[in-house]
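Visitor: mind folding the following:
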Amino acid sequence: MTTGVALLQATSSESPTPTSTPASPVPIGLFPEWIPESVLNLGATVFVLALAYFVSRLLVSLFGRRIAQRFRRPSLTRTVISGIRAVVFVLAVLTILPIYGLDLSDITLSVAVFSAVVGVVLAPIVGSIISGVFLLADQPYEIGDMIRLSESNTQGFVEDITLRYTKIFTLDNTFIVIPNGTIRERDVVNYSAEDPRTRLRLDIQVTYEGDLDEARDVIERAARAVDVVIEGGPDIRVGAARYPAAPTCYIDAFADHGVNLALRYWVKEPYKLLAARSKVQQNVWAALEDADVEIAYPHSHLHFDETSGELQVSMQEQRGPQSLDHESDDSV
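Guide: Just a heads-up that it's a prediction; the model follows:
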């Protein structure tokens, strides 16, 4: 009995110990054996990404309206919705990594390499993102606003605001993408902030011989006849000051060649400033022609008398080729 037990122990000690193989993340037993494991991993990756896509769309459809009502700003709403989608896809990527046997510890970089990447590559991106956060917080402009960059005189509508850039749709039907770090250093004129009404000015010089009261009345009525010009109503408040809503024409200065009049009028919307200014000038020109008012223009009068001195002028006959030929024939 003792010999049998010893033999059994010797046999068990000589038998090789089975090695444990790592279990595949994909349940291979559910699929036919002839399908390669790489194909299964690829299919699982596609499935996870598709699931993440539909989950992100579901979350946006469920919470998108609530987010828009909460923030009431298109730029913040788009940023939050993009953040939700990014979080869903990051979780999807973390789910895909174990399928290929990867771990976060396997793909982390060393501190020195990571610092170099941040300093060389990611520094401008991080700066733009920080500037985008400040833009969203300061609210200098919003999606749909009409703005103008004072340095380049670029004018257009804000199409999109992200954490990295601002997209402007210009009036020339072109797109301009400006990094947030750059646009924060420029002077931005916003025509649509809070109040879309914009005041324009037209300088007119009339002669001294005309009737100033009639000229001012005619100019105001000509501007009031334009559709986009505010005809009247309550005073418009700008800060602590209040200005008449109707067009007003004031005497600006008594110049050398005439009286300078300044027409100031308000336009309802800033989207067609050039067309509105052109229409107002056309109406003013036509109205002044029918009235007893003449637009002044620079002119000079020269007066000569006995004290002005004398100018010696000599005149010579202009001779042409025919006269020269005739003269040469006579000499022969």
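Visitor: look up phi and psi at the spatially closest residue to E209 that is not a sequence neighbour.
Guide: Spatial nearest neighbour of E209, excluding adjacent residues (Cβ to Cβ, 6 or more residues apart in numbering): E294 at 7.1 Å. Just so you know, the C-beta spots here come from the backbone N, C-alpha and C atoms, and that holds for glycine as well. With angles defined as degrees, to the nearest 10, E294 sits at phi -120, psi 130.
Visitor: what about E294, distance to R216?
Guide: Distance check for E294 against R216: by Cβ to Cβ, to the nearest Å, it reads 15 Å.
Visitor: next one: D290
Guide: Counting by Cβ to Cβ, the gap from D290 to R216 is 15 Å.
Visitor: these two - which one has more neighbours?
Guide: Counted by other Cβ atoms under 10 Å, D290 and R216 do not tie: R216 has more neighbours, with 19 against 8.
Visitor: ok, that one - contacts?
Guide: Going by Cβ atoms under 8 Å, 6 or more residues apart in numbering, R216 touches 249-251, 261.
Visitor: make it 6 Å
Guide: C249 (Cβ atoms under 6 Å, 6 or more residues apart in numbering).
Visitor: one more: A241?
Guide: A241 touches nothing, counting by Cβ under 6 Å, 6+ apart.
Visitor: phi, psi for it please.
Guide: The phi/psi pair for A241 (degrees, to the nearest 10) is phi -100, psi 160.
Visitor: ok, now how distant is it from V39?
Guide: As defined by Cβ to Cβ, A241 lies at a distance of 74 Å from V39.
Visitor: show me the shaky parts of the stretch 151-300 of the chain.
Guide: Applying pLDDT under 70 to the stretch 151-300 of the chain flags the ranges 299-300.
Visitor: the strands in it, which residues?
Guide: Taking DSSP state E, counting those that start in this stretch, the strands of the stretch 151-300 of the chain run over residues 154-161, 165-170, 175-179, 188-190, 198-206, 236-238, 241-243, 248-254, 259-267.
Visitor: in JSON lines, list these along with distance to P74.
Guide: Shown next, in JSON lines, are the strands of the stretch 151-300 of the chain (distance: least, Cβ to Cβ, whole Å):
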{"stretch": "strand 154-161", "distance to P74": "8"}
{"stretch": "strand 165-170", "distance to P74": "13"}
{"stretch": "strand 175-179", "distance to P74": "18"}
{"stretch": "strand 188-190", "distance to P74": "15"}
{"stretch": "strand 198-206", "distance to P74": "22"}
{"stretch": "strand 236-238", "distance to P74": "26"}
{"stretch": "strand 241-243", "distance to P74": "30"}
{"stretch": "strand 248-254", "distance to P74": "36"}
{"stretch": "strand 259-267", "distance to P74": "24"}
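Visitor: just so I know, which of those lies nearest P140?
Guide: Distance to P140, taken as Cβ to Cβ, is lowest for strand 188-190 among the strands of the stretch 151-300 of the chain, at 6.0 Å.
Visitor: which residue is the nearest non-sequential neighbour of N41?
Guide: Spatial nearest neighbour of N41, chain neighbours left out: I99 (5.2 Å); criterion: Cβ to Cβ, 6+ apart.
Visitor: what number of residues lie near that neighbour?
Guide: Neighbour count of I99, defined by other Cβ under 10 Å: 17.
Visitor: quick one: it is in a strand?
Guide: No. Going by DSSP: H, G, I helix; E, B strand; the rest coil, the assignment for I99 is helix, not a strand.
Visitor: isn't it right up against G43?
Guide: No. Counting by Cβ atoms under 6 Å, I99 stays clear of G43, with 10.0 Å between them.
Visitor: and G43, how far is that from Y100?
Guide: Distance of G43 to Y100, given as Cβ to Cβ: 13 Å.
Visitor: ignore the last one, W285
Guide: Using Cβ to Cβ, W285 is found at 76 Å from Y100.
Visitor: what do you get for P234?
Guide: In this view, P234 and Y100 are 69 Å apart by Cβ to Cβ.
Visitor: who has more neighbours out of those two?
Guide: The neighbour comparison of P234 against Y100 (other Cβ under 10 Å) goes to Y100, with 12 against 8.
Visitor: how about that one, what does it touch?
Guide: Contacts of Y100 by Cβ under 6 Å, 6+ apart: none found.
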